[in-house]
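mind looking at a prediction? Sequence and model below.
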Amino acid sequence: MFNFKEIISVTLILFAIIDILGSIPIIINLRKREGVIQSEKATLVSGVLMIAFLFVGDGILKLFGIDFQSFAMAGAIIIFLIGLEMILGKDFFHTDPDIKSGSIVPLAFPLIVGAGTMTTLLSLRAAYSVPNILVGIILNLLFVYIVLKASGWIEQRLGKAGADILRKVFGVILLAIAIKLFKTNLPA
């Protein structure tokens with residue numbers, strides 16, 4: 001039933017797509033804005049989204065008549081705005097100060113579970129057995145949780161100047177990723 005080689009492959013593929021280490025500047029920025037990152041909530045919501053999309057993602061998109069390119073473009077817009085926030089130091093995602101939702105949007109979706117992760121899950125389902133994919137998801141969620149919990153410690157090690165530089169550099173990278181998503185998913 002479980003295949004160690006498949007579990008390792010799925011885990012590494014998802015690790016590369018989720019890229020939680022690359023999201024550290026965004027996590028630090030969200031923590032500054034929100035005051036706290038709800039690690040458990042973000043990890044749980046990410047897990048529910050991944051597992052749900054693994055089983056019903058293709059059907060949900062078809063039900064709403066949404067092609068995957070449109071879904072990917074919507075994710076690209078959110079990623080683009082987050083990149084602008086990081087570079088310009090402006091907040092585009094305004095929330096009620098009493099409601100701390102940054103752990104859900106944009107952290108759980110679309111940063112951890114974005115269009116790339118969802119597309120990958122559908123592709124993995126075609127190539128690997130579901131139990132092995134589920135184990136790969138769980139292993140990635142454990143790593144995501146550890147990084148989210150350690151975000152304060154990581155920020156202290158970077159210092160203010162280091163965090164600012166990292167945030168701006170990754171802001172540019174996010175803009176580039178968003179533009180690539182646009183280009184890839186534009187109709188020919």
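The structure has been received and is ready for your questions. Numbering: from 1, shown residues only.

what's the least confident helix or strand in the chain by mean pLDDT packed up against?
Counting by mean pLDDT, DSSP states H and E, the chain has its least confident helix or strand at helix 68-88, which shows a mean of 78. Here helix 68-88 touches helix 24-34, helix 115-127, helix 151-185, going by 3 or more Cβ pairs under 8 Å, 6 or more residues apart in numbering; DSSP states H and E. Every residue, glycine included, has its C-beta placed from N, CA and C.

need those helices in a markdown table with mean pLDDT, can you?
Supplementary listing: the helices and strands packed on helix 68-88 in a markdown table, determined by pLDDT from 0 to 100:
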| stretch | mean pLDDT |
| --- | --- |
| helix 24-34 | 84 |
| helix 115-127 | 82 |
| helix 151-185 | 83 |
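
can you lay out those helices as CSV showing mean neighbour count and distance to Gly83?
Formatted as CSV, the helices and strands packed on helix 68-88 follow (neighbours: other Cβ atoms under 10 Å; distance: least, Cβ to Cβ, whole Å):
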stretch, mean neighbour count, distance to Gly83
helix 24-34, 21, 9
helix 115-127, 18, 15
helix 151-185, 15, 3
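
now render these as CSV, adding distance to Val135.
Compiled in CSV, the helices and strands packed on helix 68-88 are given as follows (distance: least, Cβ to Cβ, whole Å):
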stretch, distance to Val135
helix 24-34, 25
helix 115-127, 12
helix 151-185, 25
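
Phe68 is nearest to which of those helices?
Phe68 lies closest to helix 115-127 among the helices and strands packed on helix 68-88, at 6.6 Å (Cβ to Cβ).
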